[in-house]
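Asks: quick one, what's the 3D model for this:
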Amino acid sequence: MNTYLFAWNPVKYEWHTISECIDALKRGESVKEDWSCASKKVKPGDRAFLSVVGTEPRGIFASGYVASDLFLGKNHRGNMANRVMIEFDVILNPAKESILTLDILNIGNLEKQLWTPQASGISIRPELVEELEALWQDFLQTRNS
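Replies: As a prediction, this is how the structure comes out:
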């Protein structure tokens, strides 16, 4: 399993249903959304993290797993682009909740990864995945206690 970083720029693309998606997850329902993907190596089952780019707060706000093979679909500009379905396990609303911000992500080994990429669906360095997963889980537990 590989791990990928997907980007969301709320200035360029408004996610109108983010609150509904969060509520559905809280009810235990499956939430899948299609997302642009730069990597051609992504496969179903790969881990996915989503980062807010372009506006503060910037950092990781969601996670899940790739739930489809690559397919061509329209991006937010209406152009055809490679996309994948992501099945989310966590979504935080950056406009209303704290997220795992860049100041935390850019400490230690994790600073070797670009957390605000220009392209969505880039590979996260394999040597950083275990540390990222631990940090994400710790962040989620801390914010819920």
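Asks: from here on, contacts and neighbour counts on C-alpha atoms
Replies: Will do.
Asks: list the buried residues in the longest strand anywhere in the chain.
Replies: With residue count as the measure and DSSP state E as the assignment, the chain has strand 80-91 as its longest strand. By neighbour count with 16 or more other C-alpha atoms under 10 Å, strand 80-91 contains the buried residues Ala81, Asn82, Arg83, Val84, Met85, Ile86, Glu87, Phe88, Asp89, Val90, Ile91.
Asks: just how off-centre is the helix-or-strand element of the chain with minimal mean pLDDT within its chain?
Replies: Confidence across the helices and strands of the chain bottoms out at strand 71-74, with a mean of 91, counting by mean pLDDT, DSSP states H and E. For strand 71-74, the gap between its own C-alpha mean and the chain's C-alpha mean amounts to 18 Å (C-alpha atoms, centre = their mean, to the nearest Å).
Asks: helices and strands around it, which ones?
Replies: With contacts taken as 3 or more C-alpha pairs under 8 Å, 6 or more residues apart in numbering; DSSP states H and E, strand 71-74 sits against strand 80-91.
Asks: give me the residues contacting the strand it packs on.
Replies: The contact list for strand 80-91 (C-alpha atoms under 8 Å, 6 or more residues apart in numbering) reads 18, 21-22, 25, 30-38, 48, 61-75.
Asks: whichever of those end up buried, select them in PyMOL.
Replies: With 16+ other C-alpha under 10 Å as the criterion, this PyMOL line picks the buried residues out of the contacts of strand 80-91:
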select buried, resi 21+22+25+31+32+34+35+36+37+38+48+61+62+63+64+65+66+67+68+70+73
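Asks: among the contacts of strand 80-91, which are in strands?
Replies: Here DSSP E is the test, and these give 32-36, 48, 61-66, 71-74 as lying in strands.
Asks: and of these, the nearest to Thr142?
Replies: The shortest approach to Thr142 among the ones in strands among the contacts of strand 80-91 belongs to Phe61, at 14.6 Å (C-alpha to C-alpha).
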